[in-house]
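**Student:** Sequence isn't available, so here's the structure alone:
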DNA sequence: AATCCGTGGGA
DNA sequence: TTCCCAAGGAT
């Protein structure tokens, strides 16, 4: 708990202190039904909570739902996930993004299986030591799955808290202050429900744009609403996007209806994922010089159009070349021929799926 | 501590 | 179109 009164960025002239009980009462009436969420009064399954929390990192509920269901069907328990081949995990994750999460997910499952007897640690410290589990996720699992008081601060909580207290400091510098303010709000009872209530509030009421303040259980104590400045919080430093990079991808199609693919290096961008052979990406790449970099000698034809894709930190434009080659053509070093019919099951990230699609279509 | 790391949807 | 955003973590 907070021992000394914290000084918010602004004095709160008229706002009363937000009451956790009011939020919990709102949650009891309006909580979202989610596949990984236990029904009221029922115990949460740590495996489901963990799996969902990893998937939900920087990812929307809508995007996660089908992946969550698929993972649960494919890997019903943490032990089965631990025993599964890494390749199967990457294939199941393909399209969700942030692929280091999938590698860490697998490593975490193996650690839980081997070092914890297949049960997740119940403490924040124990959870924090596992791969892919940081401060947020450890607090979320400890509170939601094990009913322990923990300070859960995600993007939703940051938005709710900065509005409640009109925190003027910009993210990410404001994180320590936000955490202290969240600490002051977190009750001893029902910590898991409180954490989920904060996130539901942020997701459905206290939204980034056009928040539904009229429906908010904390509309009275919210300083930003009083001042009418809700949408200006949280303050953020704006970051600049990277420069456009160019590259080429080579889609070789063999007469036996297979495509040439390879696996990217385990770390870094799209680490461990599948792709057609291609060039490095750079800001000054010239597509006219790409043919010298093709993976095999063939009659390469440039496909009409390009693949445009935007990563978190830079936009990419891929020129795609296609060649049709005889069925006996051997795969170059580090590459393999894979049936077109089974491409859906490959660990192709979205950008590479686009490239292959353009190559096959053009 | 600042960067890197995906993707799809909405305004 | 362009920008921002979504239950962050690792280095």
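**Tutor:** Noted; the coordinates are in hand. What you see is a predicted model, and the numbers here were worked out from it, not measured in a lab.
**Student:** list the contacts for the residue in the stretch 201-350 of chain A positioned nearest to DNA strand B?
**Tutor:** Distances between the stretch 201-350 of chain A and DNA strand B by C-beta to the nearest atom of the strand are smallest at residue A:349, namely 2.9 Å. Bear in mind the C-beta positions are built from the backbone N, C-alpha and C, glycine included. Contacts for residue A:349 (C-beta atoms under 8 Å, 6 or more residues apart in numbering) come out as A:94, A:95, A:97, A:99, A:270, A:273, A:274, A:275.
**Student:** Over to residue A:221?
**Tutor:** Shown in contact with residue A:221 (C-beta under 8 Å, 6+ apart): A:15, A:16, A:17, A:18, A:19, A:164.
**Student:** Just give the closest residue to it, not the sequence neighbours.
**Tutor:** Of all residues not flanking residue A:221 in the chain, residue A:18 sits nearest, at 4.3 Å (C-beta to C-beta, 6 or more residues apart in numbering).
**Student:** How is chain A partitioned into domains?
**Tutor:** For chain A, the structural domains run A:20-232, A:245-361, going by automatic domain parsing.
**Student:** where exactly do the strands run in the stretch 101-250 of chain A?
**Tutor:** A:245-254 (DSSP state E, counting those that start in this stretch).
**Student:** Quick check: nearest residue in space to the one residue in chain A that gets nearest to DNA strand C, chain neighbours excluded?
**Tutor:** Nearest residue of chain A to DNA strand C, counting by C-beta to the nearest atom of the strand: residue A:134, 2.6 Å away. Take residue A:134 and drop its neighbours on the chain: the residue closest to it by C-beta to C-beta, 6+ apart is residue A:128, 7.2 Å away.
**Student:** contacting residues around the one you found?
**Tutor:** Going by C-beta under 8 Å, 6+ apart, the list of residues near residue A:128 reads A:134, A:135, A:138.
**Student:** can you tell me which of these are in helices?
**Tutor:** Residues of the contacts of residue A:128 located in helices (DSSP state H): A:135, A:138.
**Student:** hmm, which of the contacts of residue A:128 are the buried ones?
**Tutor:** Among these, the ones that count as buried by 16 or more other C-beta atoms under 10 Å are residue A:138.
**Student:** and which of the contacts of residue A:128 is nearest to residue A:262?
**Tutor:** Of all the contacts of residue A:128, residue A:134 has the smallest distance to residue A:262: 31.4 Å, by C-beta to C-beta.
**Student:** Model confidence for that closest one, exactly?
**Tutor:** pLDDT, residue A:134: 98.
**Student:** same thing with residue A:239?
**Tutor:** 77.
**Student:** And for residue A:11?
**Tutor:** Looking at residue A:11, its pLDDT reads 49.
**Student:** got the contact list for the closest residue to residue A:133 other than its chain neighbours?
**Tutor:** Once flanking residues are discounted, residue A:133 sits nearest to residue A:127: 5.3 Å by C-beta to C-beta, 6+ apart. Applying C-beta under 8 Å, 6+ apart to residue A:127 gives the contacts A:120, A:121, A:133, A:137, A:138, A:141, A:142.
**Student:** Scan those and report the most crowded one.
**Tutor:** In terms of neighbour count, residue A:141 stands highest of the contacts of residue A:127 at 31 neighbours, by other C-beta atoms under 10 Å.
**Student:** I figured that one was touching residue A:50, is that so?
**Tutor:** Yes. In this structure residue A:141 lies within contact range of residue A:50 using C-beta atoms under 8 Å: 5.6 Å.
**Student:** Just give me the neighbour total for the closest residue to residue A:293 other than its chain neighbours.
**Tutor:** Leaving aside its sequence neighbours, residue A:293 sits nearest to residue A:279 (C-beta to C-beta, 6+ apart; 4.9 Å). Residues within reach of residue A:279, counting by other C-beta under 10 Å, total 19.
**Student:** Spell out which helix or strand contains the residue nearest to residue A:221, please.
**Tutor:** Residue A:18 is part of no helix or strand, with elements assigned from DSSP states H and E.
**Student:** That one against residue A:185, yeah?
**Tutor:** Yes. Contact criterion C-beta under 8 Å: residue A:18 and residue A:185 qualify, at 6.0 Å.
**Student:** which residues touch residue A:28?
**Tutor:** Residue A:28 touches residue A:40, counting by C-beta under 8 Å, 6+ apart.
**Student:** what do you get if the cut-off is 10 Å, keeping everything else the same?
**Tutor:** A:40, A:190, A:193, A:197 (C-beta atoms under 10 Å, 6 or more residues apart in numbering).
**Student:** pLDDT at it, what is it?
**Tutor:** Value for residue A:28, per-residue pLDDT: 97.
**Student:** quick one: the residue nearest to residue A:221 and DNA strand B, what's the gap?
**Tutor:** To DNA strand B, residue A:18 is 27 Å away according to C-beta to the nearest atom of the strand, to the nearest Å.
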